[in-house]
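Enquirer: Just need the structure, nothing else, for what follows:
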Amino acid sequence: MRRLIVNADDFGFTSGVNRAIVEAHARGIVTSATLMANGPAFVEAVELAKRNPRLGIGCHIVLIDGEPLLDAEKLPSLTESRRFRNSLKSFAGRALTGRIAEGEIFAEAAAQIGKLQASEISVSHVDTHKHTHLFPRILRPLLRAARECGVRAVRNPFGPRLPMRSSQLMQRPNLWTRYAQLRILGGFARGFHSTVAQEGFVTTDGTLGIEVTGTLDETLFHAIAQSIPEGTWEFVCHPGYNDADLQKANTRLRESRETELRVLTLPAAREILEQKGIQLISYRDLVAGA
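Expert: Residues are numbered from 1 along each chain as shown. This next block holds a predicted model:
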């Protein structure tokens with residue numbers, strides 16, 4: 001059996017991203033979205049979520065590149081100049097050398113999940129902006145915060161060993177560096193699985209699509225769909241409209257969001273999944289069946 005959760009990240013980032021996620025759900029294959037509690041378009045995203053009850057909603061916990069919900073003075077290991085640090089490389093270095101306080105992670109994660117729940121959103125799962133929870137020092141307090149908020153599922157940010165055939169990667173030299181980085185980070189996968197099991201959380205067999213973030217097109221989606229192994233997987237996507245708000249935002253993903261929206265709403269996307277016998281589910285379905 002092969003099941004697939006198609007999760008759109010960055011719900012609440014801009015109005016154009018919100019609109020695209022809802023369209024990709026209503027007209028396409030998106031089954032789930034993760035909402036940014038500190039996103040500029042948070043209020044609109046909450047209203048859209050309530051008008052689309054079949055769309056599963058998780059919390060996209062932001063610990064890098066944005067503003068915290070809590071007072072920045074209470075988060076000295078995470079912030080500078082009252083904002084989260086922007087550099088993922090710097091964040092990784094601090095996480096790996098014990099310079100990020102687990103208590104700060106717990107407090108901020110709980111605040112972000114709690115904001116969604118206070119807005120009457122049933123939070124199906126958690127993941128993190130730029131997948132920072134793949135680091136053990138981030139994962140442990142994040143899971144504790146989620147459990148305290150009654151959330152039982154978390155994204156598994158690690159992919160299958162060979163998500164695409166090597167011949168397909170050879171045709172896309174721009175993916176090589178990204179793929180190599182993810183293979184190195186894959187060294188944390190064993191610890192992730194052990195911690196998730198110990199904490200009693202539900203997760204998928206892994207995540208697809210991370211290595212093609214910013215480059216996804218119809219050809220790559222078809223290649224990934226053809227390569228989905230047995231089990232339950234998550235496909236990560238970032239649909240959006242490249243409008244004035246997105247142009248002003250701090251993100252590298254602009255034109256690519258419109259390309260992803262087109263791919264996710266093509267009839268061919270649903271057809272290839274049906275041909276391969278892949279069932280579309282949400283995190284709510286995953287938790288209900290656990």
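Enquirer: ok, the spatially closest residue to residue 124 that is not a sequence neighbour - how many residues close by?
Expert: In this structure, residue 124 finds its nearest non-sequential neighbour in residue 283, 4.0 Å apart by CB to CB, 6 or more residues apart in numbering. Bear in mind the C-beta positions are built from the backbone N, C-alpha and C, glycine included. Residues lying near residue 283 (other CB atoms under 10 Å) number 29.
Enquirer: Ok, residue 198 next?
Expert: By the criterion of other CB under 10 Å, residue 198 has 10 neighbours.
Enquirer: which ones are touching the residue nearest to residue 205 when sequence neighbours are not counted?
Expert: Spatial nearest neighbour of residue 205, excluding adjacent residues (CB to CB, 6+ apart): residue 231 at 3.9 Å. Applying CB atoms under 8 Å, 6 or more residues apart in numbering, we find residue 231 in contact with 1, 2, 3, 204, 205, 206.
Enquirer: where does the third one land on pLDDT?
Expert: Think residue 3. Model confidence at residue 3, expressed as pLDDT, equals 98.
Enquirer: that older thread, mark which of the contacts of residue 231 are buried, thanks.
Expert: 3, 204, 205, 206 (16 or more other CB atoms under 10 Å).
Enquirer: Columns distance to residue 266 and secondary structure on top of those residues, output as TSV?
Expert: Shown next, in TSV, are those (distance: CB to CB, whole Å; DSSP: H, G, I helix; E, B strand; the rest coil):
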residue	distance to residue 266	secondary structure
3	21	strand
204	24	coil
205	25	coil
206	24	strand
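Enquirer: how much space between the residue lying closest to residue 221 once chain neighbours are set aside and residue 247?
Expert: Leaving aside its sequence neighbours, residue 221 sits nearest to residue 263 (CB to CB, 6+ apart; 5.1 Å). Note on residue 263: its distance to residue 247, by CB to CB, to the nearest Å, is 22 Å.
Enquirer: ditto for residue 262
Expert: Distance from residue 262 to residue 247, by CB to CB: 19 Å.
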